[in-house]
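S.K.: Sequence first, predicted model second:
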Amino acid sequence: LICSVHINTHLGYTLKSVEISLRVIMDSIGFVYSGSLRCASSLRSTKLSKCALVSKIGGVSVFHGRSSRAQVRRSSGLQMVATTSSSRKTEFNAVEDSEARKGTAQRPFRIALLEGDGAGPEVIKAALKVLAAVEQYTDLHFDVAYSPYGLDSLAESGDLVPESTILLCKEADAVLRGYQGSSRFTPEHSLGQLSAHSILKEKLDLFAQLRPVKMFEPLLAASRLKPEYVEGTDMMIVREIAAGALPASKVAQQSTGSEASSSFSYTKSQVDRIAALAVSIAEQRSGRILNVDKADAMVVSSFWREKLHDYFSKKMGKRQDLTLSDMFVDDFCREVVLEPNSFDVIVTSNLFGDILSEVASGITGSMRLSPSAWLSESGLAVYGPADLYNSSAYPKGSSVPEIKEKQSMSNPIATIRAMSMMLRYSLEEPAAADLIQTALNRVLAEVVPRDAASYFPDRKPVSAEEFAEALSESFAYMHQYEMVCDPEICGD
């Protein structure tokens with residue numbers, strides 16, 4: 001039996017109510033309903049199209065509605081990778097059709113997975129479960145491959161980041177990484193010698209970091225500030241990370257015992273490329289860019305501001321949809337606490353960005369839920385939790401609580417949000433990113449990861465895997481079908 005149903009999405013039916021009706025109908029005629037409902041969508045358009053019953057027939061998912069891509073598709077191999085360790089691949093599949101559009105079955109998006117150590121494997125597994133649901137729910141296809149990264153890799157091969165990992169990353173459309181390391185307060189770490197991410201940054205020529213700061217409405221109670229001050233907070237910090245005062249290993253420094261100095265600089269080309277990125281991000285949001293510097297006291301900051309405005313004037317001309325304003329860093333530190341929801345795109349230098357991103361993320365609460373993206377000029381980007389290391393590397397007051405029972409306390413939200421950023425910025429699939437954002441808002445109103453239970457006693461605490469499962473299930477029961485919205489609304 002192949003049963004087909006088409007739903008007018010404007011009549012207000014929910015997938016759940018229709019699926020219940022289908023179960024009743026099929027049970028009454030003696031058939032066992034073992035399919036599921038899905039919405040076929042064109043992720044480059046702004047609306048989801050028909051919803052349809054999907055029957056499972058011999059490992060093939062048959063869409064009995066209209067889809068923007070193939071009507072018949074094999075069951076996702078991605079889901080197997082996400083749930084079965086024996087299915088792990090360490091290299092990408094051969095591309096069936098190099099002329100096909102990326103993201104199709106013939107040419108799936110290639111995702112390099114760097115699990116890391118500690119909580120890394122668990123949060124990556126949770127993120128992959130959600131990505132598998134995205135693949136099942138939409139017409140996108142992904143090819144994932146694992147590669148060694150972090151302290152476990154160091155123990156096995158003698159390298160934090162083996163050359164094979166770098167090669168896999170360069171073959172990928174995007175990189176998704178987990179945590180690594182349990183400490184960041186050793187001399188070796190300050191020189192980047194025990195930081196897998198620092199090696200990744202150098203080998204992949206990463207020059208910019210995107211750091212979103214978003215206050216999810218279901219998590220308002222986690223903020224130390226009054227809800228009316230933080231509600232609606234959604235900013236994107238665009239930080240230059242290849243030059244300036246960091247990293248310490250590249251800055252001219254000297255110390256005589258009685259005196260020490262550090263000197264740093266920026267070139268016009270370095271400012272131009274971060275300016276271009278800030279404009280690109282602003283075009284996808286409100287169009288408002290704020291430059292944060294210390295031009296009143298530092299020559300390098302004055303140069304930064306001058307070249308930033310030069311680029312903006314030459315490239316933007318008389319465009320009215322983009323604006324660039326300036327604020328001194330000390331003034332910004334005050335204003336971002338007083339009115340965090342008044343900011344959108346922030347562009348700043350390496351040192352200031354390192355500090356301001358932590359200040360801003362603290363506004364949303366002490367839980368470390370921030371994602372991040374690190375970008376190269378080639379287009380390759382690395383996505384993952386903004387915290388590079390495992391929770392033990394951070395102050396106790398702002399990290400995961402100590403484990404009191406033998407149960408997982410890993411929180412996958414930062415990694416799942418990073419995956420949403422990956423879909424939006426590297427894979428250029430904003431509707432898929434919005435799908436995850438919408439699901440997060442829905443699920444967080446009902447359940448929270450175990451480490452957040454003390455903030456929300458009215459919600460069920462769940463493991464990382466259970467949280468990912470709740471997100472996956474929410475895709476099938478969305479109450480609203482027009483899910484594509486501006487990043488200013490959906491966040492990340």
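M.R.: Good, I have the coordinates.

S.K.: Please report phi then psi for the residue nearest to Leu380 when sequence neighbours are not counted.
M.R.: Counting by C-beta to C-beta, 6 or more residues apart in numbering, Leu204 is the residue found nearest to Leu380 once chain neighbours are left out, at 6.2 Å. Glycine gets a C-beta too; all of them are placed from N, C-alpha and C. Main-chain torsions, Leu204, degrees, to the nearest 10: phi -100, psi 0.

S.K.: for the one 4 residues further on, same thing?
M.R.: When quoted as degrees, to the nearest 10, the phi and psi of Ala208 stand at phi -140, psi 150.

S.K.: Same check on Arg224?
M.R.: Taking degrees, to the nearest 10 as the convention, Arg224 sits at phi -80, psi -10.

S.K.: packing partners for the helix or strand Arg334 falls within?
M.R.: Assignment of secondary structure by DSSP states H and E places Arg334 within helix 329-338. Here helix 329-338 touches strand 288-293, helix 350-363, going by 3 or more C-beta pairs under 8 Å, 6 or more residues apart in numbering; DSSP states H and E.

S.K.: ranking these by mean pLDDT, which is last?
M.R.: When the helices and strands packed on helix 329-338 are compared by mean pLDDT, helix 350-363 comes last with a mean of 94.

S.K.: what about the helix or strand following that helix, distance to the chain center?
M.R.: Next helix or strand after helix 350-363 toward the C-terminus (DSSP H and E): strand 371-376. Mean-position distance between strand 371-376 and its chain equals 9 Å (C-alpha atoms, centre = their mean, to the nearest Å).

S.K.: What helices and strands are in contact with strand 371-376?
M.R.: Against strand 371-376 (3+ C-beta pairs under 8 Å, 6+ apart) you get strand 206-214, strand 381-385, helix 413-421.

S.K.: now it and helix 413-421, what's the angle there?
M.R.: Angle, strand 371-376 to helix 413-421, by axes from the mean of the first three to the mean of the last three C-alpha atoms, to 10 degrees: 50 degrees.

S.K.: In stretch 280-298, which residues are buried?
M.R.: 281-282, 285-295 (16 or more other C-beta atoms under 10 Å).

S.K.: which residue ranges form the helices in the stretch 201-350 of the chain?
M.R.: Here the stretch 201-350 of the chain has its helices, by DSSP state H, counting those that start in this stretch, at 227-230, 268-283, 299-316, 329-338, 350-363.

S.K.: In CSV, list those along with distance to Ala132.
M.R.: Below are the helices of the stretch 201-350 of the chain laid out as CSV (distance: least, C-beta to C-beta, whole Å):
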stretch, distance to Ala132
helix 227-230, 33
helix 268-283, 28
helix 299-316, 40
helix 329-338, 37
helix 350-363, 28
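
S.K.: Compare those helices and give me the one nearest Asp139.
M.R.: Ranking the helices of the stretch 201-350 of the chain by proximity to Asp139 (C-beta to C-beta) places helix 268-283 first, at 26.0 Å.

S.K.: Let me know whether my guess that Leu423 is in a helix holds.
M.R.: Yes - counting by DSSP: H, G, I helix; E, B strand; the rest coil, Leu423 falls inside a helix.
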